[in-house]
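> using only what follows, build the 3D model:
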Amino acid sequence: MSEYYKYYMLLGSNLGDKEGVILRAVEELSKFALKSPRRSAFYVTEPWGFESEELFYNMALELESNLSPSNMISAIGEIEERLGRVREGKGYTSRIIDIDILFCDDKIVETPELIIPHPRVHLRNFALIPLSELNGELLHPRLGLTINELIKECQDKLLVKKVS
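Numbers count the residues shown, from 1 in each chain. The predicted structure follows:
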């Protein structure tokens, strides 16, 4: 049997048809899935790390794939580009789509292109709260705390509100 990986991702958008573009991204990512991915509800969230009038829509996704982390990040880049993502310089900006790998099994990956677990996941309720809906007992392999424990410790006070 070929090796497979369980990914936890965060998808976000604060431009255009936010919900629609995230759902299209899920559809694209599903092409690499071994079975139907699980997803959280949508959450409305405030921008983290920059100022914008536009609130984000975010959703966590659990996906099993036989794509390695390096192949998955390449696929994600192509999906983001197809959906209209334009990368301009450094820093956080508004964007049509953003797909981050938060975790891949209990792997620790550090390459110039990819760091897993995501280096700031524990600082961001907009990632932790949707993720807890999928697996609150998921253990952060570096910090040794579950997602639910990380939420309790997180200092982030920005808006994270489930869309009804």
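> in this protein, which spans are strands?
Assigned by DSSP state E, the strands in the chain fall at 5-13, 38-39, 43-45, 56-65, 98-104, 109-110, 115-116, 160-162.
> so which of these is nearest S74?
Set against S74 and scored by C-beta to C-beta, those come closest in strand 98-104, at 11.5 Å. (Glycine included, C-beta is placed from N, CA and C.)
> leaving out sequence neighbours, find the closest residue to L123.
Residue nearest to L123 in three dimensions, not counting chain neighbours: D156, with 6.2 Å by C-beta to C-beta, 6 or more residues apart in numbering.
> gap between the one you found and L128?
Distance, D156 to L128, using C-beta to C-beta, to the nearest Å: 8 Å.
> and for L139?
13 Å.
> so which of these two has more stuff around it?
L128 (26 against 15; other C-beta atoms under 10 Å).
> just give the nearest non-adjacent residue to that one, would you?
Nearest to L128 is I151, by C-beta to C-beta, 6+ apart, at 4.9 Å.
> all helices of the protein, in order?
18-30, 69-82, 125-135, 147-153 (DSSP state H).
> so which of these is the most surrounded?
The highest average neighbour count among these, using mean count of other C-beta atoms under 10 Å, belongs to helix 125-135 at a mean of 22.
> got the angle for that helix vs strand 56-65?
Comparing the axes of helix 125-135 and strand 56-65 via axes from the mean of the first three to the mean of the last three C-alpha atoms, to 10 degrees yields an angle of 40 degrees.
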